[in-house]
Every structure is written in C-alpha cells, then in structure tokens.
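K.L.:
Mind looking at a prediction? Sequence and model below.
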Amino acid sequence: MQSEVFVLYINRAMESSIMQISKTFPVLLLTGPRQVGKTTLLQHLAEEGRSYVTLEDPDVRFLAKSDPGLFMQRYAPPLIIDEIQYAPEILPYIKMHVDRSQQKGEFWLTGSQLFHMFFASYVNTYLQRNIRDLTQVADELSFYNFMIAVAARTAKPLIYSELTKDAGISAPTAKRWLSILVSSNHNNVLKRTVKTPLLHFLDTGLCAHLLKWKTPEVLARGAMAGAFFECFCETVVDVSSKRLRLAFFAGRHRPECIHRDSDRLSRA
C-alpha cells in the first residue's frame, strides 16, 4: 500500500511584488536564510516553460565555475538558478545575455549568502541618488561612516557627543545628517512620550550589512543580538499604543531609522 504525501503551500505576501519585478527587470534576486522557502516560492510562481537548476549539485556547480559560457548554453532562460552564491562566475555572463536580449524576467536567482553583495549596491545607489537629491553632502564616504555610526547605536540612547566622535563630524553636521535619514522616508511624524531619546535602525538587514554581521547565526550569538531583536519588534508592532505600524513593506527602497524623543517619533 502506497501512502500519498500532500505538500501544503502557504501563500506569501511578496508574491505580487515578485511578479511585478519580473515584469520590470530581466533578473530577479531573492535572498534569505537557508530553508525558508525561497525555492518553493519561485517554483510555485514559475510559468510553464521556466527551467530550474541548482548550483548545490556538484556537477552543475563545476560547469558554472569552470565554463560559464557553456553553462549558459546548456541552461537557457527563462530559468531559475538556485543558490547563485556557489558560482558568482556566471553573473557577468547573465549580464551580457540580458544586455543583448532586453527581455524581462529571464533569470530568477536565489541566494543564501548574498545579503552583503545586495546591500553594498543598495547603499551605493542610496548615497549617489537619494542623498544627492536631498541635500548638499559633498563627502559621501563621511556620510557612509555616519550611517555606520548610527547603525552601531540602534536601540541605544542618542548621545550626540559619542556619535560625532565615532563619525568624525561636528555636532551640527550630525544633527543635520540624522534629519536627512529621517526625512528621506517621507513618513508622518508620530507622537511618543519617552524619557530618553532613542535610535532604532528599522531596516535590520541593512543595519547588519553596515556593521559587518556576515550571517544570521553569527549575529544571533553576538553582542548586538538583543538590540537587533528590539529593532525588529519596533518595526512590527507597538503593543501599548498601536501607533507604530508594520515597517517592513515589500518594495521599500530606503534605509529606515527611528529617532524617538520626548516630543515625537520620526522615521527614516
């Protein structure tokens, strides 16, 4: 007697965002910890005719690393490439292909350890586009160092003397740049009464990148695990007043930071 196994698929809130991205760009990259359902999600959304290949397969990985051109000939788009971090050598070949074809949604990639590659590009875009559009920040490197200093103080009291010392800038500059991080998100100011000013960097993924926490496992065992957990809770719900709503929305493209003082709660 054979037993049947039924697999229950749980719909994800990001499904519509993934499909919209696929219709807009030639390459989609879905990153996250292992065993959270990235591959299952993409396979569920894949249209008929989209192939699948995983670089966890040693033979496939060897081909991708040793002869990326042949790999691209053997595995033609539309294609899902699983665990792309095992063979970054094929990324330039993917770029050359999509530059020639100009087709949308050709490659869907998953990766378990590409957070820092993604966020490095993200921060560079933020500094070059958003910040230049918002104010006159001549020294992008100094502003980047300031972002690191802010990230290091997430879930901690805001003490400008310490912030300016680590960032190597003046107090007026620190206040102005902090207001840039706040205003760049264009969210409403929420009222909150607290005794001590606090900073919360709401985008915990970006915060981890800035502070060089390479993996979730290392972070979970690190000195800032509690601070990151507090920030995550801040993004999800304010139990007492319900005035702080969900802060992680699909499609957000800016760093997020909370500056909370006795008069207001500002979000960036």
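P.N.:
Sure, I can see it. Numbers count the residues shown, from 1 in each chain.

K.L.:
all contacts plus neighbour counts: C-alpha atoms, from now on.
P.N.:
OK.

K.L.:
how about the most centrally placed residue in the chain, phi and psi?
P.N.:
The centroid of the chain falls nearest to G205 when counting by C-alpha atoms, centre = their mean (5.2 Å). When quoted as degrees, to the nearest 10, the phi and psi of G205 stand at phi -70, psi -50.

K.L.:
do the same with T215
P.N.:
The phi/psi pair for T215 (degrees, to the nearest 10) is phi -140, psi 160.

K.L.:
how many neighbours does it have?
P.N.:
16 (other C-alpha atoms under 10 Å).

K.L.:
likewise H97?
P.N.:
16.

K.L.:
residue contacts, it?
P.N.:
Applying C-alpha atoms under 8 Å, 6 or more residues apart in numbering to H97 gives no contacts.

K.L.:
do that again at 10 Å, thanks
P.N.:
H97 makes contact with 26, 72, 77, 91, 103, 106 under the criterion C-alpha atoms under 10 Å, 6 or more residues apart in numbering.

K.L.:
now the nearest residue to E89 once chain neighbours are set aside, what's its secondary structure?
P.N.:
Nearest residue to E89 in three dimensions, chain neighbours excluded: K65, at 5.7 Å (C-alpha to C-alpha, 6 or more residues apart in numbering). Secondary structure state of K65, per DSSP: H, G, I helix; E, B strand; the rest coil, is helix.

K.L.:
list the contacts for K65?
P.N.:
K65 neighbours (C-alpha under 10 Å, 6+ apart): 55, 71, 86-90.

K.L.:
now do E106
P.N.:
Counted by C-alpha under 10 Å, 6+ apart, E106 has contacts 22-23, 25-28, 50, 76-80, 94, 97-98.

K.L.:
So P78 sits against V98, correct?
P.N.:
No. Counting by C-alpha atoms under 10 Å, P78 does not reach V98; the two are 11.1 Å apart.

K.L.:
what do the two both touch?
P.N.:
Common neighbours of P78 and V98 (C-alpha under 10 Å, 6+ apart) are 26, 104-107.

K.L.:
Now flag whichever of the residues you listed is closest to Y160.
P.N.:
P26 (44.1 Å; C-alpha to C-alpha).

K.L.:
And that closest one, how far from L8?
P.N.:
Applying C-alpha to C-alpha, to the nearest Å, the value for P26 to L8 is 30 Å.

K.L.:
So which of those two has more stuff around it?
P.N.:
P26 (21 against 6).

K.L.:
ok, back up a step: from what I can see the residue nearest to the centre of the chain touches F119, true?
P.N.:
Yes. With contact defined as C-alpha under 10 Å, G205 counts as touching F119 (8.1 Å).

K.L.:
Outline the domain layout of the chain.
P.N.:
15-113, 154-267 (automatic domain parsing).

K.L.:
Just the local confidence number for the residue nearest to the centre of the chain, please.
P.N.:
The model reports G205 with a pLDDT of 79.

K.L.:
Please apply the same query to L55.
P.N.:
94.

K.L.:
Touching, it and E83? I think so.
P.N.:
Yes. Contact criterion C-alpha under 10 Å: L55 and E83 qualify, at 5.7 Å.

K.L.:
Can you point out the buried residues in the helix or strand where H97 lies?
P.N.:
Using DSSP states H and E, H97 maps to helix 91-101. By neighbour count with 16 or more other C-alpha atoms under 10 Å, helix 91-101 contains the buried residues 94, 97-98.
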